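Colleague: Curious how this folds, go ahead:
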Amino acid sequence: MSGILAHAGYSVVREAEAADVWVLNSCTVKTPSEDQAFNLVRMAKEKGKRVVMAGCVSQADPSAEWLQDVSIVGVKQIDQVEEAVKGSLEGKSVRILTRNRPHAPLDLPKIRKNPLVEVLAISTGCLNQCTYCKTKAARGDLKSISLEDLVARAKKAFEEGVKELWLTSEDLGAWGRDIGLVIPDLLHALVEVIPEGCRMRLGMTNPPYIMDHLHEIAEILLHPRVYRFLHIPIQSASDEVLRHMKREYTVVDFCKAVDYLLERVPDLYIATDFICAYPTESKKDFEESMALVRRYHFPSLFINQYYPRSGTPAAALPRVDAKEAKARTAEMSAYFRGYSRFDDTRVGKEETVLICEEAADGVHLVGHSSSYEQILVPRRCGMGMERRVRITSVGKFHMMAEPVEDIPEIKEEEESTMESTKMAQSRLEVIPTNGVEEGLADDVIVDNRSISARQLALITVIVLVLAVVLKKLMQVLMRD
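Modeller: Here you go, the predicted structure:
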């Protein structure tokens with residue numbers, strides 16, 4: 001949406017205070033994220049700003065009282081965001097919500113959050129009927145984007161300088177089932193277009209949709225240009241709770257998939273999710289979930305305390321006592337914090353990392369190993385570079401490393417050029433509405449940049465904005 005608006009001549013500004021219109025992209029998967037969307041709308045109104053609400057919150061519940069005087073862009077209408085912004089600036093509340101239309105095209109103008117990462121949504125909607133989930137109300141049934149369009153978009157992204165391709169959807173493994181294909185068809189096609197020095201990361205897949213394709217999934221994960229990473233949510237390790245959730249698999253199914261992949265893909269990084277205190281979860285059910293965490297020691301564990309989502313079947317069920325719910329969530333969280341994928345045996349080992357992010361400390365860059373492990377390296381290693389590094393220390397969520405080869409320190413003028421390029425390419429203002437969205441660390445603006453870098457970045461942005469305004473003015477004069 002930022003790319004579409006910038007292409008149309010609007011200025012996407014750095015500071016929310018300076019904006020005339022706030023475009024908020026919302027997530028309805030959790031109550032806290034929806035609450036944050038509500039708070040942002042209230043804040044905008046208090047500041048006299050016009051609001052365009054996009055994403056799942058407004059799509060799932062457009063009649064909510066707090067959304068009545070704001071413009072709304074549906075999940076399939078992001079290509080019409082300019083119309084919503086234009087109407088908002090004219091004092092109107094524009095609503096573009098119908099789902100009876102094709103997907104917005106993939107070749108729309110884009111401003112990437114990270115210029116080195118292409119986030120490619122391969123489908124929308126899902127095949128499930130999970131009792132706790134409100135996203136289905138917004139996204140509907142599975143609609144897969146064609147294999148040809150996805151491959152073309154991936155190729156174009158790599159031609160534009162992208163180094164990492166992140167596949168995302170409500171359920172990666174279900175892709176293609178509505179168009180006569182299966183997920184291995186897409187993955188095999190995509191690995192053919194990944195250039196040397198670039199990598200692809202798979203997203204979240206529910207167990208049922210990969211059970212018949214474990215061999216092919218393992219083959220893809222072993223490809224040298226694919227991260228050995230997979231996100232397989234289980235939500236509960238109790239078959240009884242899974243049945244109430246309508247998850248359509250058993251704990252045995254989940255373990256079969258995980259064990260198969262771990263056996264065949266060395267150092268595979270598996271992330272999973274748990275919902276603690278689902279309404280029908282007993283203390284025994286919760287202990288079964290804890291036992292599964294102890295068994296696998298998942299390196300990434302997304303722990304969510306259950307919150308009822310309005311309009312879902314689970315919302316009508318009696319809730320677990322609030323104190324008990326918090327205690328279960330805290331117990332699992334404490335256990336997760338108590339172990340680490342990394343230990344001192346990794347110190348001195350060498351890894352090849354692809355560097356595509358800045359660390360939250362503003363000092364280091366972040367490289368990812370073939371297993372998608374986070375390794376912090378000195379800035380002189382260079383953004384977008386693939387480097388051989390040696391581990392120097394380990395922590396809970398990352399390792400520190402130094403380059404194996406001798407790399408000179410980056411000169412100030414080189415740092416300035418790199419910074420201005422990043423500032424000119426990346427999205428200028430991001431107001432996230434879901435604290436667990438991927439890549440939020442990229443939005444942090446670090447204040448310890450050199451003065452020359454900030455000045456050059458500002459000049460670059462001003463020149464780009466003036467160029468867009470001049471082009472728009474010329475178009476108007478030519479029409480007159």
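Colleague: in the stretch 1-150 of the chain, which spans are helices?
Modeller: Assigned by DSSP state H, counting those that start in this stretch, the stretch 1-150 of the chain shows helices spanning 2-7, 31-46, 56-60, 81-89, 135-139, 147-159.
Colleague: Report the helix or strand with the lowest average pLDDT across this structure.
Modeller: helix 412-425 (a mean of 46; mean pLDDT, DSSP states H and E).
Colleague: How far away from the center of its chain is stretch 199-213?
Modeller: 16 Å (CA atoms, centre = their mean, to the nearest Å).
Colleague: Show the end-to-end separation of it, please.
Modeller: The separation between the terminal residues of stretch 199-213, taken as CA to CA, to the nearest Å, is 21 Å.
Colleague: cool, stretch 369-382 as well?
Modeller: Across stretch 369-382, the straight-line distance between its terminal residues is 15 Å, by CA to CA.
Colleague: So which residues make contact with it?
Modeller: Contacts with stretch 369-382, where a contact means CB atoms under 8 Å, 6 or more residues apart in numbering, come from 201, 224, 227-229, 267-269, 341-342, 351-353, 355, 359, 361, 363-368, 387, 389, 391, 397-403, 407-410, 415. C-beta here means a position set from N, CA and C on the backbone, and glycine is covered the same way.
Colleague: pLDDT of that stretch, averaged?
Modeller: pLDDT averaged over stretch 369-382 equals 97, rounded to a whole number.
Colleague: Check whether residue 308 really touches residue 315, as I assumed.
Modeller: Yes: with contacts counted by CB atoms under 8 Å, residue 308 reaches residue 315, the gap being 3.9 Å.
Colleague: Identify the contacts common to the two.
Modeller: Both residue 308 and residue 315 lack any common contact, where contact means CB under 8 Å, 6+ apart.
Colleague: Where does the prediction get shaky in the stretch 351-480 of the chain?
Modeller: Counting by pLDDT under 70, the stretch 351-480 of the chain has low-confidence residues at 410-480.
Colleague: what about 80?
Modeller: When the per-residue scores of the stretch 351-480 of the chain are filtered using pLDDT under 80, the ranges that remain are 407-480.
Colleague: Domains of the protein: list them as residue ranges, please.
Modeller: Per automatic domain parsing, the structural domains of the chain span 2-101+427-449, 117-337, 344-412.
Colleague: nearest to residue 107, of those?
Modeller: The stretch from the domains of the chain with the least distance to residue 107 (CB to CB) is domain 117-337; that distance is 6.9 Å.
Colleague: now residue 254: how far from residue 315?
Modeller: Here the distance between residue 254 and residue 315 works out to 25 Å (CB to CB, to the nearest Å).
Colleague: Counting neighbours, go ahead and name the busier of the two.
Modeller: For residue 254 versus residue 315, neighbours defined as other CB atoms under 10 Å are more numerous around residue 254 (24 against 15).
Colleague: which ones are touching that one?
Modeller: For residue 254, the contacting residues are 207, 232, 234, 237, by CB under 8 Å, 6+ apart.
Colleague: Show the contacting residues for the first one.
Modeller: Under the criterion of CB under 8 Å, 6+ apart, the neighbours of residue 207 are 232, 234, 249, 253-254, 257.
Colleague: so what's it closest to, chain neighbours aside?
Modeller: Using CB to CB, 6 or more residues apart in numbering and skipping residues adjacent in sequence, the residue nearest residue 207 is residue 249, 4.4 Å away.
Colleague: does that neighbour count as helix, strand or coil?
Modeller: Residue 249 carries the three-state label coil when classified by DSSP: H, G, I helix; E, B strand; the rest coil.
Colleague: From what I see, it and residue 206 are in contact.
Modeller: Yes: distance between residue 249 and residue 206: 7.3 Å, which falls inside the contact criterion (CB under 8 Å).
Colleague: Looking at these two, which one has more neighbours?
Modeller: residue 206 (24 against 18).
Colleague: Can you read off the pLDDT for that one?
Modeller: At residue 206 the predicted local distance difference test score is 94.
Colleague: Excluding chain neighbours, what is closest to it?
Modeller: The spatially closest residue to residue 206, leaving aside those adjacent along the chain, is residue 171, at 5.3 Å (CB to CB, 6+ apart).
Colleague: Give me the neighbour count for the one you found.
Modeller: By the criterion of other CB under 10 Å, residue 171 has 23 neighbours.
Colleague: any idea of the pLDDT on it?
Modeller: In the prediction, the pLDDT value recorded for residue 171 is 93.
Colleague: which residues touch it?
Modeller: The neighbours of residue 171, taking CB under 8 Å, 6+ apart as the test, are 123, 126-128, 142, 204-206, 209.
Colleague: likewise residue 123?
Modeller: If a contact means CB under 8 Å, 6+ apart, then residue 123 has 142-145, 169-171, 174-175 as its contacts.
Colleague: Export those residues as CSV, with columns for distance to residue 71.
Modeller: Output for those, formatted as CSV (distance: CB to CB, whole Å):
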residue, distance to residue 71
142, 28
143, 24
144, 29
145, 26
169, 26
170, 25
171, 30
174, 32
175, 31
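Colleague: Compare those residues and tell me which is most surrounded.
Modeller: Top of those by neighbour number is residue 175, holding 26 neighbours under the definition other CB under 10 Å.
Colleague: Is it correct that that one is in contact with residue 147?
Modeller: No: using CB under 8 Å, residue 175 is not in contact with residue 147; the gap is 9.1 Å.
Colleague: Closest to residue 115 out of the contacts of residue 254?
Modeller: residue 232 (29.6 Å).
Colleague: so what's the closest one up against?
Modeller: Residue 232 is in contact with 204-207, 210, 254, 257-258, 270-272, counting by CB under 8 Å, 6+ apart.
Colleague: residue boundaries of the strands in the stretch 51-200 of the chain?
Modeller: Taking DSSP state E, counting those that start in this stretch to define them, one finds strands in the stretch 51-200 of the chain at 71-73, 95-96, 117-121, 123-124, 143-144, 164-168, 199-201.
Colleague: burial count for residue 95?
Modeller: Under the neighbour criterion other CB under 10 Å, residue 95 is assigned a count of 18.
Colleague: beta partners for the nearest residue to it once chain neighbours are set aside?
Modeller: The spatially closest residue to residue 95, leaving aside those adjacent along the chain, is residue 72, at 4.9 Å (CB to CB, 6+ apart). Beta-bridge partners for residue 72, by DSSP bridges, are residue 53, residue 95.
Colleague: contacting residues for the residue nearest to residue 207?
Modeller: Listed by CB under 8 Å, 6+ apart, the contact partners of residue 249 are 206-208, 211, 242.
Colleague: Kindly recompute the last result at 7 Å.
Modeller: Listed by CB atoms under 7 Å, 6 or more residues apart in numbering, the contact set of residue 249 reads 207-208, 242.
Colleague: Distance check, it against residue 295.
Modeller: In this structure, residue 249 lies at 17 Å from residue 295, with CB to CB as the measure.
Colleague: Please apply the same query to residue 396.
Modeller: Computed with CB to CB, the distance linking residue 396 and residue 295 is 20 Å.
Colleague: Perfect, I'm done here.
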